[in-house]
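Asker: A structural model of the following input is requested.
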Amino acid sequence: MQRKCFPAFQRGLSLVEICVVLAIVSILAGTALPSFDGMLESRRLVGQAAELALDLRYVRSEAVARNEGVRVSFQTPAGGSCTIVHTGATADCTCDGSGVAQCSNGATALKTTFYPVGRGTSVHANVSSMRFDPVNGTVSPAGTVRVSTSSGAEVHHVVNILGRVRTCSPGGSAKGYKVC
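Answerer: Numbers count the residues shown, from 1 in each chain. Below you'll find the predicted structure:
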């Protein structure tokens with residue numbers, strides 16, 4: 001009697017099985033990547049908007065703590081957009097193309113945030129600067145600061161004369177915010 005040396009079962013995968021699995025994985029990854037990019041952009045917008053809202057509240061408390069007027073200025077240098085929290089007059093601090101604040105006339109930059117063009121978010125305001133008064137806690141002038149993405153989603157921070165910040169999203173373009 002001749003004995004055969006065939007195993008009862010085979011281990012491993014065939015080349016056809018591996019190709020089928022790779023094809024399925026590549027199709028799933030191809031459909032998931034665009035939504036992943038949208039999710040990253042949305043998270044970036046929410047994070048930048050939250051940081052800016054915190055900065056606006058910080059400026060108000062810093063003015064009271066220092067017992068001197070503190071400003072937040074909004075600029076658009078060549079490389080992106082920039083916010084500078086500083087003492088002094090509006091024109092005393094500027095932001096260069098790399099996001100570094102340059103101050104003169106005894107002004108002090110307390111915080112600078114730079115939003116480079118390639119990052120996907122930008123900050124713009126309808127005023128060039130807001131001064132927070134240390135005695136009354138008021139703001140002059142009141143204004144609206146917009147954080148936006150390249151796809152058009154926006155978050156607005158509306159700063160009223162009392163220095164309070166109200167946050168909303170026009171048309172509901174950013175999820176999780178009131179519509180304005």
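
Asker: if I look at the residue most central in space within the chain, how far off is Ser140?
Answerer: In the chain, the centroid-proximal residue (C-alpha atoms, centre = their mean) is Gln48; its distance is 2.3 Å. Distance from Gln48 to Ser140, counting by C-beta to C-beta, to the nearest Å: 25 Å. Just so you know, the C-beta spots here come from the backbone N, C-alpha and C atoms, and that holds for glycine as well.

Asker: Tell me how many other residues crowd the closest residue in space to the residue nearest to the centre of the chain that isn't next to it in sequence.
Answerer: Closest residue in space to Gln48, ignoring its immediate chain neighbours: Thr121 at 4.8 Å, by C-beta to C-beta, 6 or more residues apart in numbering. Look at Thr121: counted by other C-beta atoms under 10 Å, it has 24 neighbours.

Asker: List the contacts of Thr121.
Answerer: Applying C-beta atoms under 8 Å, 6 or more residues apart in numbering to Thr121 gives the contacts Arg44, Leu45, Gln48, Tyr115, Val147, Ser148, Thr149.

Asker: isn't Gly171 right next to Val179, touching?
Answerer: Yes. Between Gly171 and Val179 there is a contact under C-beta atoms under 8 Å: 6.6 Å.

Asker: mind listing the strands in the protein by residue range?
Answerer: 70-75, 80-87, 93-95, 101-103, 109-116, 121-125, 129-132, 139-140, 143-149, 154-159, 165-168 (DSSP state E).
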